Structures are given as C-alpha cells and as structure tokens.
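Enquirer: Pasting a predicted model and its sequence here:
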Amino acid sequence: MSDLVKTVLSVQFAEAFHPWLELRELLRVAGDNPKMEVQGQPLVIDRKSRKQRVILEIRALALQQEGAQSAKEAMDSALSLMSQMQEVVTIPKIAWLRYDGIFIESYTLPFHELVDFIKRSYLVINPLTEHATDVGVTLDQQDNEWVRHIQLGPMKASQLQSDFLAWPRDNLPQQFVFLSLGCMQIKEMVFDIDHIRQFLEDTINWQEKQAQEILRYLHERGV
C-alpha cells in the first residue's frame, strides 16, 4: 500500500456555531442593525506535537493531520475531536462532509521520465501535452449526494513539502506518484458521530481500493 502522508476532514455547517450566533445578536443590538453579520478570519490552531492543524470558521471546521501512522489512527483522531467538540458546544446541522487522503508511491525513475510515463498513461499526446515538463490529472465522480475527487501526477519531495505539508517530513523519496483521494457527501443532516464514523470508514475503504487500482494500472503499464 502507498504511504499515507496527510488527511483532511472538512465539515461545512448549515448555520453558524451557536457562540457565533449569540455574538451576532449582541453586535446587532450594539450596532442598532438587525441585519449585521459576523465576519472574521479563520482561527488556526496547531497541535504541533501531533502534527495536527484545526481550522475553525463561523460555519465550518477542518482537521488536517500529518502525524498519523495509519488510516485508522487518523480516523480515530478525527472522531475524538468531533466528540469533544460536541460535549462543549451545540453543533448545528451539517451541510456537507469531506474527507481527503494524500498518498505517495515511490518510483526510481528520474522525474522527467515519470512525467512522460504519466502523460502516456492518462493523456492523448498532442502538441499541447508533448512538451509539458509537469502534468497532473484531476477527476470528479458524482453519484447523487456523493462526489469523489481524484488527483494524481508525478511530484518531487520539495513540492509536496512546500505546497501540502505544514511540518517537515523526513525520508521522503525524491520523486513519486502523488495521489489525492477524497469523498464528499452533500446532504443536510443532524450532527451524529455514528454517521461521521460510517462516512469515514466508507471513504477510507474507497481510498484504499482506488489507490490500489491506480497503482496496479501503472505497474501493469511497465513502472
């Protein structure tokens, strides 16, 4: 199985967290404006010892994890955070859930050869693609309330570290195939930790199967 380097659980709510709603009412009274809305930058809280980042917004939250040793460990941490939040605040209805996993699979090919291999495997070679020095493939699969996101391509360690990771990661291969696999459920629902657990389990199962299929396809084509 490829190496899991990061997971992101994102939750968008149908309305603001209740503390924000109470603050909004205070501002409306103080400002004598019944239509005043609360605005503000996301609150970013780093849990450095766990290589986790929590991002809180008025109607959303996200948990980014880079320190998990397995998909199950990442899932358990996400569920623990959501359960703890439920104990201290009333959580509004969910508008949508999304869970992404970033995986890498090391290859010994020089980077330019890996780029050419991905182009030959997924693209029709034409004057536009023939001279491309880097390439990425992004696909969405929609099935009713579910949207599945697939992004893949060749990548160097420096790009992964600068564009996707918040904390330095040791022993990264110099070049690899990058896979970002995510599931999104667009459905308004009452917050339920058991539903979130099932959503995460279903997503992880799909991620593992999808990663295996992609890498098997590449290996069958000669890498």
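Expert: Cool, the structure landed.

Enquirer: Going by residue numbers, what spans are helices in the protein?
Expert: For the chain, applying DSSP state H gives helices covering 18-31, 71-88, 111-122, 127-130, 157-163, 193-220.

Enquirer: Output the ones you listed as a markdown table; include the columns distance to residue 60, mean neighbour count and mean pLDDT.
Expert: For glycine as for every other residue, the C-beta is placed from the backbone atoms N, C-alpha and C. As requested, those are arranged in a markdown table below (distance: least, Cβ to Cβ, whole Å; neighbours: other Cβ atoms under 10 Å; pLDDT from 0 to 100):
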| stretch | distance to residue 60 | mean neighbour count | mean pLDDT |
| --- | --- | --- | --- |
| helix 18-31 | 11 | 13 | 67 |
| helix 71-88 | 13 | 15 | 94 |
| helix 111-122 | 33 | 17 | 93 |
| helix 127-130 | 37 | 9 | 86 |
| helix 157-163 | 22 | 13 | 95 |
| helix 193-220 | 15 | 16 | 95 |
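
Enquirer: Please tabulate the ones you listed in a markdown table, including the columns distance to residue 64.
Expert: A markdown table is the format used below for the helices of the chain (distance: least, Cβ to Cβ, whole Å):
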| stretch | distance to residue 64 |
| --- | --- |
| helix 18-31 | 22 |
| helix 71-88 | 10 |
| helix 111-122 | 26 |
| helix 127-130 | 32 |
| helix 157-163 | 13 |
| helix 193-220 | 15 |
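
Enquirer: Those: which one's closest to residue 55?
Expert: The closest of the helices of the chain to residue 55 is helix 71-88. By Cβ to Cβ, the value is 11.7 Å.

Enquirer: Tell me the bridge partners for residue 100.
Expert: residue 8, residue 182 (DSSP bridges).

Enquirer: State the pLDDT value of it.
Expert: We note a pLDDT of 98 for residue 100 in this prediction.

Enquirer: Could I get the contacting residues of it?
Expert: By Cβ atoms under 8 Å, 6 or more residues apart in numbering, the contact set of residue 100 is 7-8, 10, 149, 180-182.

Enquirer: Of the residues you listed - the most surrounded one?
Expert: When neighbours are taken as other Cβ atoms under 10 Å, the top entry among those is residue 7 (26 neighbours).

Enquirer: Could you verify my assumption that that one touches residue 65?
Expert: Yes. With contact defined as Cβ atoms under 8 Å, residue 7 counts as touching residue 65 (4.9 Å).

Enquirer: what residues do the two have in common as contacts?
Expert: 74, 78.

Enquirer: Can you list phi and psi of the most far-flung residue of the chain relative to its centre for me?
Expert: Largest separation from the mean C-alpha position in the chain: residue 32, at 40.7 Å (Cα atoms, centre = their mean). The phi and psi values for residue 32, taken as degrees, to the nearest 10, are phi 50, psi 50.

Enquirer: was I right about residue 74 contacting residue 68?
Expert: Yes. Counting by Cβ under 8 Å, residue 74 touches residue 68, with 3.7 Å between them.

Enquirer: Find the residues that touch each one of these two.
Expert: In contact with both residue 74 and residue 68: 4, 7, using Cβ under 8 Å, 6+ apart.

Enquirer: nearest to residue 103, of the helices of the chain?
Expert: Comparing those against residue 103 with Cβ to Cβ, the closest turns out to be helix 193-220 (5.5 Å).

Enquirer: And for residue 195, nearest residue in space, chain neighbours not counted?
Expert: residue 189 (6.6 Å; Cβ to Cβ, 6 or more residues apart in numbering).
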